[in-house]
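# what's the 3D shape of this:
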Amino acid sequence: MVKSNGNNLINHWNGKPYSQRYYDILEKRKILPIWHHKDDFLQRLKNNQTLILVGETGCGKTTQIPQFVLEALDLENKMMIACTQPRRFAAMSVSRRVAEEMDVTIGEEVGYSIRFEDCSSAKTALKYLTDDMLLREAMMDPLLKRYKVIILDEAHERTVATDVLFGVLKEVLKNRPDLKLVVMSAMIEAEVEKIKGFFFGASLMKVPGRLHPVEIFYTQEPERDYMEAAIRTVVQIHMCEPAGDILVFLTGEEEVEDACRRISKEVANLGDQDQVGPVKVVPLYSTLTPAMLQKIFEPAPPPVKEGGPPGRKIVVSTNIAETSLTIDGIVYVIDPGFVKQKVYNPRVCVESLLVSPISKATARQRSGRAGRTQPGKCFRLYTERSFNNDLQPQTYPEIYKSNLANTVLTLKKLGIDDLIHFDFIDPPAPESFMRALEVLNYLGAVDDEGNLTKLGEIMSEFPLDPQMAKMLVVSPEFNCSNEILSISAMLSVPNCFIRPREAQKAADDAKARFGHIFGDHLMLLNVYHAYKQNNEDASWCYDNFINNRALKSADNVRQQLVRIMARFNFKLCSTDFNSHDYYVNIRKAMLAGYFMQVAHLERTRYYLTVKNNQEVHLHPSNCLDHKPEWVIYNECVLTSRNYISTVTHIRGEWLVDIAPHYYDLSNFPQCEAKRVLEKLDEKLEKEKYDKLNPWKSHQKIGVEVSKDLDSITVENVEELKPGKEAEVKVSKDLGSIRVKNVEELKAGKEADMVSKDPGSIRVKNADELKPGKEAELKVSEDHLTTVKNAEALKPEIERELEVSKDTVIKTVKNV
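Next comes the predicted model:
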């Protein structure tokens, strides 16, 4: 919308004259395919409540359709237009582009909302947001009354949140005749028909893309190493093909970065740039900074000399370049035919990170990227036979492959209790729902009837997975909510450690300085504390191989979590750092959320996950310098091996104490962990009994050790019988000694004195007990035990006393 003010056109949105850049961009907008269908679109939107718009990637629908709607509709009472995106980086980058096209400031008239970041204001009329953020808004406002039009973009990607939004919005439309819904999808015929059938009566509009012919090439034989083949193909194109930029698809961030380095090196080895042509190699993946992301839109470098070989831009990307954004100038596409995806198995609660073949539909999407501006070529690094016979027609919806605990919690908060009959476009397996409900029930988020509890309502307010939300909600009970806030924030951002290929040793040494004896969660806490103590200094981050952007994000996340805590009047507290309980309380609070993600070290020296008995290994990135008996983990992922990552050492006895409902040993499978837990359970039961029956444990025996060591008092000894234990308390200066595993104490038998260090000290047939010496434990006829010449009984030593079944020792004397 524009208003005339003399000879100048005034921007309706901010009251300022349009800039020259606005007019330059406007000319480019007018040549987009979607521009020529503007009137048809607006007429259909006027006549229909639901409109399905199908257009090839690159036709301009993501940037232009929301602007068409803005121009046509009168947004009364500060109502808005929402446009959802499946990826956060797309919501950010597209909103910035649209703000530029409208000649307004990002965050004002045009904004975006992603998890832990809201860049919008009271002025905002058009908001791009991730699909999960619109779901969160629906939890607070079930009819989404703030919005006049909702646009679901990239609907063909079928994320879990998009599938849930389909069902939610279908109900909202029945209750809000004034609401308009636009569903936008790429040209994937099967998905389009499914969406059209779901929104019965919706108008279907198709917009052709600006497509040029794309020539497809296949390999003669399967490639053994797709990475090597991709790099080789890039070099061949650069040396032999006419001008045009190259897009390479790979499976993950590490692969992308590695390929960028190797391509740059290979091209440099070809000779001088004036002979082979300069290249600009650019990575593309979801966690890139906005500045790095902008580089993919920059033009290719010019030839070094006039008439010389052309320069090229080479974009190496994960699958986000398939549909989420359009890169001008791409003429050549290299498609190895693989994608990395997570697949959750609800039976064993393990998420597998698999590199698997793409679908035929995805292959067509990838090849289509080559024909946007001129005829292109797509090099598929697999055989034509593989394409025809091995690739699935469509990609399976994400809802079939995901852990649904968070989704079920969201649905419960939305008031949707009948999960089985909720209107899913593709219903997930009932087993997935049952497993999700079981997890939420153990966490206390739903009761035994599946109804949302008060705790569950609070947990649903946090934009975190249910385990982390539970950990945060209960942290004030353990007097460590400040620390758990910091740990949760650090877990919610990308990896904070940088490991450059050229400085791996220095980066590893820097990371080791932040390591903690108890594990990775506390290492992350150390990093955050150090970052704050160094005044959030970017140069400190650089010197310590820390990702400054990740730490800034963590700080923002923490502030948002603090605001949610304040809404529920949760106390922000910390245990005294010098207290023995400081790290104990933090680890107990973590266990309160992650008690279902515990592994036990078996005698075979590998770990088994508790209950599911999955053999797993500590991920090599962990900071532990030993293998603790018990650990909690943040993630269990199957790659080449089953790995548990982000692990922290816990105590076995905490399990039964903190989560007795889950650690009901009568329902446990037989394993080493069960046997250990049964012994711990017996010990805890005895301690409870002793506290309830103090009159049975009234005896005190004085044991004189030496002049140097003061005296030791054995308190609350009921009877030293087989299976019983006694605590030996030393004077305040000396701490305490545990006496445990009492079975038999006979003349000539042995007793173990076990220190806290690995191994044990044998006590056998010696006249004196001195440092490094041994002593004989003798039992007299009247069942009195004598330890002779005990010169150096240190408080950190533990002793195992064995008592025969018919022997009751009531007194220890003559020491």
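
# and the nearest residue to residue 452 once chain neighbours are set aside, what element?
In this structure, residue 452 finds its nearest non-sequential neighbour in residue 412, 4.3 Å apart by Cβ to Cβ, 6 or more residues apart in numbering. Any C-beta I mention is one placed from the backbone N, CA and C, and that applies to glycine too. According to DSSP states H and E, residue 412 maps onto helix 405-413.

# Could you check how far whatever helix or strand comes next after that helix is from the centre of its chain?
As assigned by DSSP H and E, the chain's next helix or strand after helix 405-413 is helix 430-443. Relative to the centre of its chain, helix 430-443 is centred 20 Å away, using Cα atoms, centre = their mean, to the nearest Å.

# buried residues in helix 430-443?
For helix 430-443, the neighbour count (16 or more other Cβ atoms under 10 Å) marks 432-433, 435-437, 439-443 as buried.

# Closest to residue 358 out of those residues?
Minimum distance to residue 358 across the buried residues of helix 430-443 is 23.7 Å, recorded for residue 432 (Cβ to Cβ).

# residues in contact with the closest one?
Taking Cβ atoms under 8 Å, 6 or more residues apart in numbering, we find residue 432 in contact with 346, 404.

# Does anything pack onto the helix holding residue 412? Which helices or strands?
Applying 3 or more Cβ pairs under 8 Å, 6 or more residues apart in numbering; DSSP states H and E, one finds that helix 405-413 contacts helix 131-140, helix 160-175, helix 430-443, helix 454-460, helix 466-474.

# Could you list the buried residues of the fourth one?
Buried residues in helix 454-460, counting neighbours by 16+ other Cβ under 10 Å, are found at 455-456, 458-460.

# name the helices or strands packed onto that helix?
Against helix 454-460 (3+ Cβ pairs under 8 Å, 6+ apart) you get helix 405-413, helix 430-443, helix 466-474.

# model confidence over that helix, on average?
For helix 454-460, mean pLDDT is 97.

# what about dumping the CA coordinates of that helix to CSV?
C-alpha atoms of helix 454-460 as CSV (Å, rounded to 0.1, in the frame of the first residue of the first chain):
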residue,chain,number,x,y,z
LYS,A,454,-1.0,-29.7,37.5
LEU,A,455,2.7,-30.6,37.1
GLY,A,456,2.0,-31.5,33.5
GLU,A,457,0.3,-28.1,32.9
ILE,A,458,3.4,-26.3,34.2
MET,A,459,5.8,-28.5,32.2
SER,A,460,3.9,-27.8,29.0
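
# Any chance you could list what contacts that helix?
139, 409-410, 412-413, 440, 443-446, 452, 466, 469-470, 473, 568.

# Okay, now the unreliable bits of the protein?
1-8, 75-77, 210-211, 324, 694-815 (pLDDT under 70).

# residue closest to the middle of it?
Nearest residue to the geometric centre of the chain (Cα atoms, centre = their mean): residue 492, 6.3 Å.

# how about that one, what does it touch?
Per Cβ under 8 Å, 6+ apart, neighbours of residue 492: 115-116, 464, 468, 554, 557.

# again, 10 Å this time
Applying Cβ atoms under 10 Å, 6 or more residues apart in numbering to residue 492 gives the contacts 115-116, 463-465, 468, 553-554, 556-558, 560-561.

# Now for these: which two are most distant?
Across the contacts of residue 492 (Cβ to Cβ), the longest gap, 18.7 Å, separates 465 and 556.

# When those two are compared, which one has more neighbours?
Comparing residue 465 with residue 556 by neighbour count (other Cβ atoms under 10 Å), the higher total belongs to residue 465, at 18 against 15.

# wait, the more buried one sits on residue 403?
Yes. Residue 465 is in contact with residue 403 according to Cβ atoms under 10 Å; the separation is 8.3 Å.

# Helices of the stretch 1-150 of the chain, start to end?
For the stretch 1-150 of the chain, the helices defined by DSSP state H, counting those that start in this stretch cover 20-29, 38-47, 61-72, 88-102, 131-140.
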